[in-house]
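Student: Everything below, folded, please.
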Amino acid sequence: MANKQNFKPEEWTKILESTMLAGMAVSAAEPSGLWGAVKEAFASSSALAAAKSNPGSNELIKSVVADFETKEGRAAVQEALRQQLAGAKKPGDVVERSLANLKEVSAILNAKAPQDAAGFKAWLQTISENVAEASSEGGFLGIGGVKVSETEKATLADISKALGTSA
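Tutor: Residues are numbered from 1 along each chain as shown. Below you'll find the model as predicted:
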């Protein structure tokens, strides 16, 4: 079973970052306004909390969650995200950079943690789906609209492709 020690520090940071970028890609694909953004951020952070208590979480997921619980882990992710998203001018830039990270993380996992790769990728996909379903798109004040927009569905498919999983 893989954990933090199986990866170079820069690889580990990319893995940590992927948990945030999996949700950010969906949020950026179809911005939901302030209230929707709050709901989507909560859905993303809830996935981390749920993984901690889930007995089905593999060692790699538990290691990521444990690192997020440390001041150093959170600081590393914040700095990596700041660098990753520096100069992003529009939401589409965030989506593209997020997908590039997820593709890179997929390759890292396949090479260094093949036994945990499928479970971790499925978890990232779940985070993305939870974010997509967190806030209705369209409508007015959350009334009407759709649970997952066509743009979000397309982004979820792009995330699956980047991770090498099926949607």
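Student: now for the least confident helix or strand in the chain by mean pLDDT, which elements pack on it?
Tutor: Each helix and strand of the chain was given a mean pLDDT (mean pLDDT, DSSP states H and E); the minimum falls on helix 33-53 at a mean of 76. Counting by 3 or more C-beta pairs under 8 Å, 6 or more residues apart in numbering; DSSP states H and E, the packing neighbours recorded for helix 33-53 are helix 9-29, helix 59-68, helix 114-134. To be clear about C-beta, it is placed using only N, CA and C from the backbone, and glycine gets the same treatment.
Student: Against Leu156, how distant is Val77?
Tutor: Separation of Val77 from Leu156 (C-beta to C-beta, to the nearest Å): 22 Å.
Student: oh, I was asking about Val105
Tutor: Taking C-beta to C-beta as the measure, Val105 falls 17 Å from Leu156.
Student: again with Ser63
Tutor: 26 Å.
Student: for the helices and strands packed on helix 33-53, which one ends up most surrounded?
Tutor: Ranked by mean neighbour count under mean count of other C-beta atoms under 10 Å, those are led by helix 9-29, which reaches a mean of 23.
Student: Taking their axis directions, that one and helix 59-68 sit at what angle?
Tutor: Angle, helix 9-29 to helix 59-68, by axes from the mean of the first three to the mean of the last three C-alpha atoms, to 10 degrees: 80 degrees.
Student: From Glu72, how far off is Leu124?
Tutor: Distance, Leu124 to Glu72, by C-beta to C-beta: 22 Å.
Student: how about low-confidence regions in the chain?
Tutor: 32-37, 136-146, 167 (pLDDT under 70).
Student: dump the residue contacts of Lys4.
Tutor: By C-beta atoms under 8 Å, 6 or more residues apart in numbering, the contact list for Lys4 reads Trp12, Ser63, Asp67.
Student: The same query, at a cut-off of 6 Å, please.
Tutor: Residues near Lys4 by C-beta atoms under 6 Å, 6 or more residues apart in numbering: Trp12, Ser63.
Student: Tell me how many other residues surround the residue nearest to Lys103 when sequence neighbours are not counted.
Tutor: Spatial nearest neighbour of Lys103, excluding adjacent residues (C-beta to C-beta, 6 or more residues apart in numbering): Ala162 at 4.2 Å. For Ala162, the neighbour count with other C-beta atoms under 10 Å is 22.
Student: How about Ser53?
Tutor: 8.
Student: and it, how far is that from Leu156?
Tutor: Note on Ser53: its distance to Leu156, by C-beta to C-beta, is 25 Å.
Student: can you check Ile127 too?
Tutor: Distance of Ile127 to Leu156, computed by C-beta to C-beta: 11 Å.
Student: Done for today, thanks.
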